[in-house]
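Engineer: When you get a sec, could you give me coordinates for this:
(one chain, ligands or ions: 1)
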Amino acid sequence: MAVDMVVASPTPIGSEKIIEGAIELPVVDLSLGERSEMSNLIVRACEKYGFFKVINHGVCEEIIAKMEEESLRFFAKPITEKQLAGPANPFGYGCKNIGFNGDTGEVEYLLLNTHPLSISQRSKTISNDPSKFSSAVSGYIEAVRELACELLDLMAEGLGVPDTSLFSRLITDADSDSILRLNHYPPMPILCKDKDTSPSYNTNTNRVGFGEHSDPQILTLLRSNDVGGLQISLNNGVWFPVSPDPTAFCVNVGDVLQAMTNGRFLSVRHRALTNSCESRMSMAFFAAPPLNTRITALPQMLSGVGTSLYRPFTWGDYKKAAYSLRLGDTRLDLFRKQ
Ligand code: GA4
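Structural biologist: Numbering: from 1, shown residues only. A predicted model of the protein is given here:
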């Protein structure tokens, strides 16, 4: 099991820094090792990077392939047909506009509520074969939710939380507010000056597909095709590209988990850039609690620190704050005690 990320030396570009060449996130192999070894590795990754990669995750290839196929079929439709899914307000089809406060990006997407009834209703406006679409989505959600639960239980174990299913119960609750997001980043020509005449020529000026942000929820499980684009922000704003791996899930801590661990786990900012010649497709499961869940730091996270960093809030309060702000705002700061 790899514990540390492999990095190359940073190269400054304009006001930001970016790392040339992709990095390897800490890798958690669910088929190997002692449970305690896995849980410690996950805890260390969440504390240091807020991100890790899971391999041999147990989500069957066929389930992923079916979901990807349906996703491709949807995005291949003419725009007028995709719009029949309704605007992403908050669930439906969105193109270039993100959220409700003026954020934009080179992306089109489908946001889906994960409740079975909602999926079967929505499928009628999304697909020409609604039952096929609905069964692909339900199968995928069930499998990734199970994986999310396994990872959350390992986190609780590694953190020494006695009730080891405390996190996972929040997302298996019938009122869980989890979301599935399907993204398509169409190929975008690189914006660059002429290589021979411009001294500021560089090859890293890919367009922003989904701008920098942290995820508000508990945990995100992302599966992408073999086209890169995901970058994570570490060490004071240096961007690290993450190598694409369609066989793995890229997992990251959300704001709620940062608050529950009293800042021990990091909800790290990330973004997605477009590729100059290939389509990037990704599917993100955002595991969230029910709206009325009260979020506070766990007692075990207070020892040593003495007090909680954040005021208690409900997931509903937090979500409302998130949707009233811009994508890149650091919304958890609003709930930080003075
Ligand atoms: C970021 C994580 C998820 O993609 C998402 C996004 C949501 C949206 O696209 O509608 C938000 C964004 C995300 C955070 C702040 C608000 C809400 C856009 C935005 C400006 C679905 C989510 O839950 O929060």
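
Engineer: okay, CA-based contacts and neighbour counts for the rest of this
Structural biologist: Will do.

Engineer: My read is that Pro244 contacts Gln231, right?
Structural biologist: No: taking contacts as Cα atoms under 8 Å, Pro244 lies outside contact range of Gln231: 10.4 Å.

Engineer: any idea how far the spatially most central residue of the chain lies from Leu147?
Structural biologist: Closest residue to the average C-alpha location of the chain: Thr220 at 4.1 Å, with Cα atoms, centre = their mean. Look at Thr220 and Leu147: by Cα to Cα, to the nearest Å, they are 11 Å apart.

Engineer: Please name the residues that touch the residue nearest to Leu291 when sequence neighbours are not counted.
Structural biologist: Excluding the flanking residues, the one nearest Leu291 by Cα to Cα, 6 or more residues apart in numbering is Gly316, at 4.4 Å. Shown in contact with Gly316 (Cα atoms under 8 Å, 6 or more residues apart in numbering): Pro290, Leu291, Asn292, Thr293.

Engineer: on that earlier part again, quick check: nearest residue in space to the residue nearest to the centre of the chain, chain neighbours excluded?
Structural biologist: Phe286 (4.6 Å).

Engineer: and that neighbour, how many neighbours?
Structural biologist: Phe286 has 25 neighbouring residues, counting by other Cα atoms under 10 Å.

Engineer: distance between stretch 150-160 and the chain's centre?
Structural biologist: 19 Å (Cα atoms, centre = their mean, to the nearest Å).

Engineer: swap in stretch 252-270?
Structural biologist: For stretch 252-270, the distance to the chain centre is 12 Å (Cα atoms, centre = their mean).

Engineer: Quick one: mean pLDDT for that stretch?
Structural biologist: What stretch 252-270 shows for mean pLDDT is 98.

Engineer: Go ahead and name everything in contact with that stretch.
Structural biologist: 43, 46-52, 211-221, 230-234, 295-298, 301-302, 308-310, 315, 332.

Engineer: Pop out the phi and psi values for Ser168.
Structural biologist: Recorded main-chain torsions at Ser168 are phi -70, psi -30, according to degrees, to the nearest 10.

Engineer: returning to that earlier point: there's contact between the residue nearest to Thr220 and Gln217 in this structure, I believe.
Structural biologist: Yes: Phe286 lies in contact with Gln217 (Cα under 8 Å); the separation is 6.3 Å.

Engineer: residue boundaries of the helices in the stretch 51-200 of the chain?
Structural biologist: Assigned by DSSP state H, counting those that start in this stretch, the helices in the stretch 51-200 of the chain fall at 61-75, 79-82, 116-126, 130-159, 166-172.

Engineer: For His184, find the nearest of those helices.
Structural biologist: helix 61-75 (7.1 Å; Cα to Cα).

Engineer: Give the buried residues for that closest one.
Structural biologist: For helix 61-75, the neighbour count (16 or more other Cα atoms under 10 Å) marks Ile63, Ile64, Lys66, Met67, Glu68, Glu70, Ser71, Phe74, Phe75 as buried.

Engineer: Go ahead and name everything in contact with that helix.
Structural biologist: Everything outside helix 61-75 that qualifies as a contact, by Cα under 8 Å, 6+ apart, is Lys82, Ile126, Ser127, Phe133, Ala136, Val137, Gly139, Tyr140, Ala143, Leu182, His184.

Engineer: Can you tell me which of these is closest to the ligand?
Structural biologist: Leu182 (9.4 Å; Cα to the nearest ligand atom).

Engineer: what pairs with that closest one across the strands?
Structural biologist: On the basis of DSSP bridges, Leu182 is bridged to Leu110, Met283.

Engineer: change the start of the numbering to 58 and stick with it
Structural biologist: OK, 58 is where the count begins now, so the last one is Leu239.

Engineer: Just give me the neighbour total for it.
Structural biologist: Leu239 has 24 nearby residues by other Cα under 10 Å.

Engineer: OK, now which residue of the stretch 58-207 of the chain is nearest to the ligand?
Structural biologist: Gly156 (3.7 Å).

Engineer: Mind checking what secondary structure the closest residue to that residue other than its chain neighbours has?
Structural biologist: Of all residues not flanking Gly156 in the chain, Tyr380 sits nearest, at 6.8 Å (Cα to Cα, 6+ apart). Going by DSSP: H, G, I helix; E, B strand; the rest coil, the secondary structure assigned to Tyr380 is helix.

Engineer: thinking Tyr380 is in contact with Asp160, fair?
Structural biologist: No: judged on Cα under 8 Å, Tyr380 makes no contact with Asp160 at a distance of 11.4 Å.
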